[in-house]
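# Okay, here's the prediction I keep looking at, along with the sequence it came from:
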2 protein chains.
Amino acid sequence: MSILVVGSIALDDIETQHGKVTDSPGGSTLFFSAAASFFAPVNIVGVVGEDFNFSHIEFLKDKHVDFKGLKVEKGETFRWGGRYHQNLNQRDTLYTHLNVFETFRPIIPDTYKNSEFVFLANIDPELQLQVLSSIPSPILTVLDTMNFWIDGKRQELEEVIGQVDVMILNDEEIRQLTGTHNIHRGAKDLLQQGPKVLVIKKGENGAIMMTPDDYFSAPAYPVEHVVDPTGAGDSFAGGFLGYLATCSKLSNENFRKAVAYGSTIASFNVESFSFKKLQEISRQDIEQRMEKT
Amino acid sequence: MSILVVGSIALDDIETQHGKVTDSPGGSTLFFSAAASFFAPVNIVGVVGEDFNFSHIEFLKDKHVDFKGLKVEKGETFRWGGRYHQNLNQRDTLYTHLNVFETFRPIIPDTYKNSEFVFLANIDPELQLQVLSSIPSPILTVLDTMNFWIDGKRQELEEVIGQVDVMILNDEEIRQLTGTHNIHRGAKDLLQQGPKVLVIKKGENGAIMMTPDDYFSAPAYPVEHVVDPTGAGDSFAGGFLGYLATCSKLSNENFRKAVAYGSTIASFNVESFSFKKLQEISRQDIEQRMEKT
């Protein structure tokens, strides 16, 4: 079973209390792929500029990540600059330069069209709708989004929500989407609108999964040295969907386990800048940490 | 096995998005007792003024809560006024009138001195030390405190911390006490200073327990109608210590279960103003909710 991911690829300048990196490879697509590829082949659709150094992602090829859908366009790669507070749940965006990502239109290579699992990373909901219309019969579609689209393209976003199987979001996004302060009530509302499964990310407090007939809370592994939280959500999604792609049945039990895998992989990801830690570890390291939580 | 609790008894004026109450019975001692008395007899040490209406706590007598250590002094009961934001994790204190609580000195009746379990609710650490010195051989002592004492009476507080078995606190208190932003590292530091068990309360995100050789994360029951969060921490402590008082062995497994009981009882408590909900429910209701989390 293979996974299609469509989202951003970025070069980040990031500062946390543990240091500073520049031109650090990131973006939802790469964090997701670095995580999901522990489990299943991943097909990437995205765009980079001529400044992108492919040696950074060479390791993904060995992990069966396919770059056929990755376009190189004239100009610079999407760049994001951010500075985290001592409280790593807070950060300031220093700048966002969309560059080649501004005119990104996802073109799905024919060989990707039979991807069974689809991750719609955080991009314009209009583009997410295009992606969905290109994949005739996915087994499972998973949606991520952010406050920017909830505010700015609500109608299109609601259309996407009506078409996906799983939505991954955080407390604030549930509140903003549903206008309900209590996240459990808000989550129930959202489960009426399309998705059969909601995964609520809670950062250092783990994650919750809700379906119409299941409720599951997965703790986060207690990371003592959080170096950089960037990509935690996307690596979570990668672990989550990656694990599901290995399952013969999408049972509640496997969804629960997928949430735990997502949480575990995210806990590794935050231990380094970029996805360096995910490059270093093996599937066995993941299993060992799974046993501890 | 009986439990001694020493702390405040209050009349609260509280406003949340779900309504407003005045002269509502509260304070750490009563929330704790309403919860712990589902499991074991509770001995209360505290003070109220002449304005206190005992009919509010009459039900506790039927649940084997002993009021011998409850003094009635001339003057008014401790009063607290608070208003919660729509985000129930934030509140403004409108006023704090210590009244008779200002000169409270805990006097432990002789019949209480063989209490096996002791809960030092959030009061002046100097008084907490006095309580500890009055109980010759407790099986388990549990400490609660707050930022006010961490700032104002750190030395005395550290002395208490050095003498107790369990400390219940939240993320911010760990950071303030240890100067370490990462709560897992902070918790490890605290485990070097006396307590053998730390319980970290995380509100709607449940609770974590850490010992030198165990780590356990208990989810919170997903409450859809939080009416008033006041007393959540103390009812948690009551469920936690109450359950432990029924155990023949203080094993890791029983500590884990105690955290789950604390979390479950707190989830009931926040469904009403004061401890009304805890008055209504039975032990069976608690067991049913335990099975669901």
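The structure has been received and is ready for your questions.
# Can you mark which positions in stretch A:214-227 are buried?
A:Tyr215, A:Phe216, A:Ser217, A:Ala218, A:Pro219, A:Ala220, A:Tyr221, A:Pro222, A:Val223, A:Val226, A:Val227 (16 or more other CB atoms under 10 Å in any protein chain shown). (C-beta placed from N, C-alpha, C; glycine too.)
# Helices - which of these land there?
Among those, no member is found in helices (DSSP state H).
# Out of those residues, which are close to chain B?
The subset of those within reach of chain B, by CB under 8 Å from any CB of the partner chain, is A:Tyr215, A:Ser217, A:Pro219, A:Ala220, A:Pro222, A:Val223, A:Val226.
# list the contacts for the last one?
It refers to A:Val226. A:Leu88, A:Glu204, A:Val270, A:Glu271, B:Asn182 (CB atoms under 8 Å, 6 or more residues apart in numbering or on different chains).
# any idea how far A:Val142 lies from chain B?
22 Å (CB to the nearest CB, to the nearest Å).
# Out of the ones next to chain B among the buried residues of stretch A:214-227, which sit inside strands?
Secondary structure defined by DSSP state E assigns A:Tyr215, A:Ser217 of those to strands.
# Out of the ones next to chain B among the buried residues of stretch A:214-227, which is nearest to A:Ser251?
A:Tyr215 (15.2 Å; CB to CB).
# is it true that that closest one touches B:Glu224?
No - using CB atoms under 8 Å, A:Tyr215 makes no contact with B:Glu224, being 11.5 Å away.
# Phi first, then psi, for A:Arg91.
Here is the backbone geometry of A:Arg91 (degrees, to the nearest 10): phi -150, psi 160.
# Grab the nearest non-local neighbour of A:Thr211.
A:Val197 (5.1 Å; CB to CB, 6 or more residues apart in numbering or on different chains).
# Chain A against chain B: which residues are in contact?
A:17, A:86-88, A:181-185, A:188, A:202, A:204-206, A:208, A:215, A:217, A:219-220, A:222-226, A:292-293.
# re earlier: for the buried residues of stretch A:214-227, give me TSV that also has distance to A:Lys276.
Converted to TSV, the buried residues of stretch A:214-227 look like this (distance: CB to CB, whole Å):
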residue	distance to A:Lys276
A:Tyr215	35
A:Phe216	30
A:Ser217	29
A:Ala218	24
A:Pro219	24
A:Ala220	20
A:Tyr221	18
A:Pro222	21
A:Val223	15
A:Val226	14
A:Val227	9
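# As a markdown table, those with pLDDT would be great.
Output for these, formatted as a markdown table (pLDDT from 0 to 100):
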| residue | pLDDT |
| --- | --- |
| A:Tyr215 | 92 |
| A:Phe216 | 93 |
| A:Ser217 | 91 |
| A:Ala218 | 90 |
| A:Pro219 | 89 |
| A:Ala220 | 90 |
| A:Tyr221 | 92 |
| A:Pro222 | 92 |
| A:Val223 | 94 |
| A:Val226 | 93 |
| A:Val227 | 95 |
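# quick check, distance from the helix or strand hosting A:Phe119 to the centre of its chain.
A:Phe119 is part of strand A:117-120, with elements assigned from DSSP states H and E. Put simply, strand A:117-120 sits 9 Å off its chain's centre (CA atoms, centre = their mean, to the nearest Å).
# Packing partners of that strand?
Here strand A:117-120 touches strand A:3-6, helix A:125-134, strand A:140-144, helix A:232-245, going by 3 or more CB pairs under 8 Å, 6 or more residues apart in numbering or on different chains; DSSP states H and E.
# Could you rerun that using 10 Å?
Here strand A:117-120 touches strand A:3-6, helix A:28-36, strand A:42-49, helix A:125-134, strand A:140-144, strand A:166-170, helix A:232-245, going by 3 or more CB pairs under 10 Å, 6 or more residues apart in numbering or on different chains; DSSP states H and E.
# and among those, the most buried is which?
Each of the helices and strands packed on strand A:117-120 was scored by mean neighbour count; the highest is helix A:28-36, a mean of 30, by mean count of other CB atoms under 10 Å in any protein chain shown.
# what angle sits between that helix and helix A:232-245?
50 degrees (axes from the mean of the first three to the mean of the last three CA atoms, to 10 degrees).
# hang on, A:Leu94 in a helix?
No - A:Leu94 is assigned strand when assessed by DSSP: H, G, I helix; E, B strand; the rest coil, not a helix.
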